[in-house]
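Asks: test case, fold it:
(one chain, ligands or ions: 1)
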Amino acid sequence: MTTSSERPADTLTGAEAAVELLKAHGVEIIFGLCGDTSLPFYDALARLPHGMRHILTRDERSAAYMADGYARVSGKVGVCEGPSGGGVTYILPGLAEANESSVPLLCINSDISVTARGRYTLTELDQGALMRPVTKWNAVLDRAEDLPRTFRAAFKEITTGRPGAAHIALPFDVQNGAVDRAEVWGDQAYGRCPAERVAPDSDCVERAARLLRDAASPVFICGGGAVISGAEAELLELAERLSAPVATTISGKGSISEEHPLAVGVVGSNGGTPETRALVDQADLIIFVGCRAGSVTTERSRHPVPGKCKVIHLDVDPAVPGVTYPVDVPLIGDAKLALYMLNEALANVKRPIDASRVEAAKEQKFAKFQALAESTDKPIKPERVVAELSRTLDPDAIVVADAGTPCPYFSAYYPVRGSGRRFFSNRAHGALGYSMAAAMGTHFARPEVKSVSVMGDGSFGFTCGELETAARYQLPITFIVIANASYGWIKAGQKSGYGQRYFAVDFAVTDHAAVASAFGVKSWRVVEPSELGKALKEALNHAGPSLVDIVCQPLHEAKAPVSEWIA
Ligand SMILES: Cc1ncc(C[n+]2csc(CCOP(=O)(O)OP(=O)(O)O)c2C)c(N)n1
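Replies: Below you'll find the predicted structure:
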């Protein structure tokens, strides 16, 4: 091993250079888990005065999910790290989710030495081949001297065009190799998304403006891209100018305050309702903004009905428009910039705002919800959990929902009050066990606001070891467990589509509050509907980590809207 005293003064070790390059790109925090091949990197983190925080996790999957949650809320590149072998296979799910969800994320795994390759070395794995399909860009370093340009390329790939995940494999001997100090520099601009905004073709903007001017009932459907781009103000201006309803995907929640009269809420098969669907079906022009118009949002290309309305599709990724719908005008570029240009082109249009159809649809939707939310039936209905939390949480709180009950129920019935990222779920893959770690990541991005994770008991089982991390760092996060002793969403599917032949979907009742207490997390277990509000309030006000275990109505016993979502 090279020691600093043996090295020329104008060089750094590869590990030191990696630390300096992260810092040079504005990184503030790294989430990760140690391993043998990471020792030089950890030692550089320990020795150098870099000012970055390292959060030690209990599972590499969580490290990636924390970096993801941090990135979604801060707009900065989330950084996670882990060792070779198992550390690579365990961190991979977080990369797949972040990449598909266009979340800016950098993952570094240490690797066996270049000189040890092909010799049955413990933890040897083709990291390049493994990570290629789940990242936007990846590299395996062979030489220390390539390290600076590799890190710079990674940050640039992550934060330009469609944001995504990048992976770097950092071999042990590369960490100990020599890097020219003069090469170790970076541009902080590439540490945040979007680093460069690209404008759409001005001809297309004119054509789109014409369609918008001529449309009788245009409707926006906004995806995560609108929030990533920070296009909320431009979107609001355009929607108000046209008096056009704004619907969102699950990831697009936060494009507009859902208290705004023109805000429809979430559409699609995981949180949409018949009322919101009707608004989409009545449109004569749909404008997709930063949204892939995929199977969930469009209910497998059925709403809107293809060919029944005109389509403008705005996305930063040229590959997206035209995949699921014929497009009248594609707008390839940054959402904020493109919407700004549309506002300019339509400067002389100012329709009086008529939100009556949206208001009527929302009234109907929430009337049904309210009846269930006020129910005093036991077990507690999930609607009651959503309503109590909506009542209790500050508008700027951040809620992260797992798949299962939480995602569709909160997507549909938890209105975000204000724009920007206040709610999200791992919509790309919906892997259970995401929200606990992702909520921890959001806390590090915005420590001044309350972060809440909502999960089913199935999800809890995937992730509960991370409660120790929450306790160790005393993170003031509230974890909500919607407990029904089953993989409820799937069980509901067996009810609605397979003649109630329930197979391999039930598990035993767990006292999640007791588990949390054992980890040092303050907890409540709620069985009585009347006690829910008080428990939630106490948990949310607790200074450290808290968990509320709520014994809930099993999903297969619920009626609408679950049957609608599962169908
Ligand atoms: C890693 C992973 N495995 C399997 C699934 C398929 N799946 C979707 S929802 C669900 C059930 C979720 O159960 P739970 O977390 O208890 O929530 P509930 O549906 O009961 O509210 C399953 C197994 C998944 N989304 N992720």
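Asks: what does the protein have sitting close to the ligand?
Replies: 403-405, 430-432, 456-459, 482, 484, 486-490, 555 (C-beta under 6 Å from any ligand atom). Where you see a C-beta, it was placed from the backbone N, CA and C, and this is true even at glycine.
Asks: ok now the longest helix seen in the chain, how far from the chain's centre?
Replies: Using DSSP state H, we find that the single longest helix of the chain is helix 356-373. Remark: helix 356-373 is offset 27 Å from the chain centroid, using C-alpha atoms, centre = their mean, to the nearest Å.
Asks: do stretch 307-320 as well
Replies: Computed by C-alpha atoms, centre = their mean, the chain-centroid distance of stretch 307-320 equals 22 Å.
Asks: if we can go back for a sec, quick one: mean pLDDT over the longest helix of the chain.
Replies: Throughout helix 356-373, pLDDT has a mean value of 94.
Asks: quick check, pLDDT for residue 562.
Replies: Residue 562 carries a pLDDT value of 69.
Asks: so which of the residues of the chain next to the ligand belong to helices?
Replies: Secondary structure from DSSP H places 457-459, 488-490 of the residues of the chain next to the ligand in helices.
Asks: which of those residues lies closest to residue 357?
Replies: residue 489 (31.2 Å; C-beta to C-beta).
Asks: and the closest residue to the closest one other than its chain neighbours, how many residues sit next to it?
Replies: Once flanking residues are discounted, residue 489 sits nearest to residue 404: 4.9 Å by C-beta to C-beta, 6 or more residues apart in numbering. If you count neighbours by other C-beta atoms under 10 Å, residue 404 ends up with 26.
Asks: for residue 404, give me its contacts.
Replies: Applying C-beta atoms under 8 Å, 6 or more residues apart in numbering to residue 404 gives the contacts 432, 455-456, 458-459, 482, 487-489.
Asks: repeat that for residue 427.
Replies: Contact partners of residue 427, counting by C-beta under 8 Å, 6+ apart, are 101, 224, 249-251, 270, 296, 407.
Asks: switch to 10 Å and redo it
Replies: Taking C-beta atoms under 10 Å, 6 or more residues apart in numbering, we find residue 427 in contact with 97, 100-101, 223-224, 249-252, 268, 270-271, 294, 296-297, 401, 403, 407, 411.
Asks: quick check: the residue of the stretch 451-567 of the chain nearest the ligand.
Replies: Of all residues in the stretch 451-567 of the chain, the one sitting closest to the ligand is residue 456 (2.1 Å; C-beta to the nearest ligand atom).
Asks: the stretch 101-250 of the chain too?
Replies: Going by C-beta to the nearest ligand atom, the ligand is nearest to residue 250 of the stretch 101-250 of the chain, at 14.0 Å.
Asks: that residue: which element?
Replies: Assessed by DSSP states H and E, residue 250 sits outside every helix and strand.
Asks: that one is in contact with residue 406, isn't it?
Replies: No - applying C-beta atoms under 10 Å as the test, residue 250 and residue 406 come out as separate, 11.1 Å apart.
Asks: quick one: common contacting residues for these two?
Replies: Residues touching both residue 250 and residue 406 by C-beta under 10 Å, 6+ apart: residue 425.
Asks: for the longest helix of the chain, packing partners?
Replies: strand 263-266, helix 274-281, helix 382-392, helix 406-413 (3 or more C-beta pairs under 10 Å, 6 or more residues apart in numbering; DSSP states H and E).
Asks: what's around the closest residue to the ligand within the stretch 51-200 of the chain, how many residues?
Replies: Residue nearest to the ligand within the stretch 51-200 of the chain (C-beta to the nearest ligand atom): residue 93, separated by 7.8 Å. Counted by other C-beta under 10 Å, the residues lying close to residue 93 total 19.
Asks: just residue 514 next, same as before
Replies: Count around residue 514 with other C-beta under 10 Å applied: 11.
Asks: and the next helix or strand past the host helix or strand of it?
Replies: Using DSSP H and E, residue 514 sits within helix 512-518. Later in the chain than helix 512-518, the nearest helix or strand by DSSP H and E is strand 522-526.
Asks: now the residue in the stretch 301-450 of the chain that the ligand sits nearest to: phi and psi?
Replies: Nearest residue of the stretch 301-450 of the chain to the ligand: residue 404, at 2.5 Å (C-beta to the nearest ligand atom). With angles defined as degrees, to the nearest 10, residue 404 sits at phi 100, psi -150.
Asks: how close does the residue nearest to residue 161 when sequence neighbours are not counted sit to residue 332?
Replies: Distances taken as C-beta to C-beta, 6+ apart place residue 316 nearest to residue 161, at 6.1 Å, with adjacent residues excluded. Per C-beta to C-beta, to the nearest Å, residue 316 is found 7 Å from residue 332.
Asks: quick one, which of the two is more surrounded?
Replies: Between residue 316 and residue 332, residue 316 has the larger neighbour count (other C-beta under 10 Å), namely 25 against 19.
Asks: for the chain, give me the ranges with low pLDDT.
Replies: Segments of the chain classed as low confidence (criterion: pLDDT under 70) are 1-6, 560-564, 566-567.
Asks: residue contacts, whatever residue of the stretch 201-350 of the chain ends up closest to the ligand?
Replies: Closest contact between the stretch 201-350 of the chain and the ligand, by C-beta to the nearest ligand atom, is at residue 270 (10.4 Å). Residue 270 sits next to 249-250, 295-297, 299, 403, 407-409, 411-412, 425, 427, 430, 489, 565-566 when contact means C-beta under 10 Å, 6+ apart.
Asks: hmm, which of those are the buried ones?
Replies: For the contacts of residue 270, a burial check counting by 16 or more other C-beta atoms under 10 Å picks out 249-250, 296-297, 299, 403, 407-409, 411-412, 425, 427, 430, 489, 565-566.
Asks: burial count for residue 530?
Replies: If you count neighbours by other C-beta under 10 Å, residue 530 ends up with 10.
Asks: contacts for the host helix or strand of it?
Replies: Residue 530 belongs to helix 529-541 when assigned by DSSP H and E. If you take C-beta under 10 Å, 6+ apart as the criterion, helix 529-541 is touched by 374-381, 384-385, 387-389, 391-394, 397, 450, 452, 476, 478-480, 513, 521-526, 528, 545-550.
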